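Asker: Provided below for reference: sequence and predicted model.
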Amino acid sequence: HVQLVESGGGSVQPGGSLTLSCTASGFRLDDYSMGWFRQAPGNAREAVATIDSGGYYSYPASVKGRFTISKDNAENTVYLQMNCLKSEDTALYYCATSKSAYETTQFADWGQGTQVTVS
């Protein structure tokens with residue numbers, strides 16, 4: 001049974017940093033692609049970082065250079081380091097797995113989310 005549990009959200013001032021964690025169970029993190037997503041009220045959910053089982057990562061222009069995705073396979077945990085946070089980064093952040101080694105566009109299982117507020 002796949003389970004994803006996010007943590008690390010909170011409130012921070014503009015320009016600040018936060019690190020989100022997503023601990024996975026029910027599968028080996030290095031077998032599947034993982035992603036971080038966010039959704040603000042009234043907005044569509046968007047991907048902010050993805051990483052496949054080979055370690056290839058991708059970011060949209062809105063966060064590139066500020067956000068970094070990484071994973072610790074021994075801890076079965078994926079992280080999202082967020083620097084230089086802006087008010088527009090305020091959203092509910094989710095992690096997800098595609099349950100595929102290299103699929104990074106369709107994700108099958110999701111965590112419950114952790115709130116990030118920048119103000």
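Answerer: Yep, that arrived.

Asker: hey, let's count contacts and neighbours off CA atoms from now on
Answerer: Fine.

Asker: Residue 70 and residue 78 touch, don't they?
Answerer: Yes: counting by C-alpha atoms under 8 Å, residue 70 does reach residue 78; the two are 5.7 Å apart.

Asker: Quick one: residues contacting the spatially most central residue of the chain.
Answerer: Closest to where the C-alpha atoms of the chain average out (C-alpha atoms, centre = their mean) is residue 36, at 2.2 Å. Contacts for residue 36 (C-alpha atoms under 8 Å, 6 or more residues apart in numbering) come out as 47-50, 80, 93-96.

Asker: Greatest separation within these: which pair is it?
Answerer: Farthest pair in the contacts of residue 36 (C-alpha to C-alpha) is 50 and 93. Separation: 13.1 Å.

Asker: Could you list which residues are in contact with residue 34?
Answerer: For residue 34, the contact set (C-alpha under 8 Å, 6+ apart) comprises 50-52, 78, 95-98, 104.

Asker: which of those has the most neighbours?
Answerer: Among the contacts of residue 34, the one with the most neighbours (other C-alpha atoms under 10 Å) is residue 95, at 31 neighbours.

Asker: what pairs with it across the strands?
Answerer: residue 36 (DSSP bridges).

Asker: Next, work out how far apart it and residue 5 are.
Answerer: 8 Å (C-alpha to C-alpha, to the nearest Å).

Asker: list residues touching both of those two?
Answerer: Both residue 95 and residue 5 are in contact with 22, 111, 113, where contact means C-alpha under 8 Å, 6+ apart.
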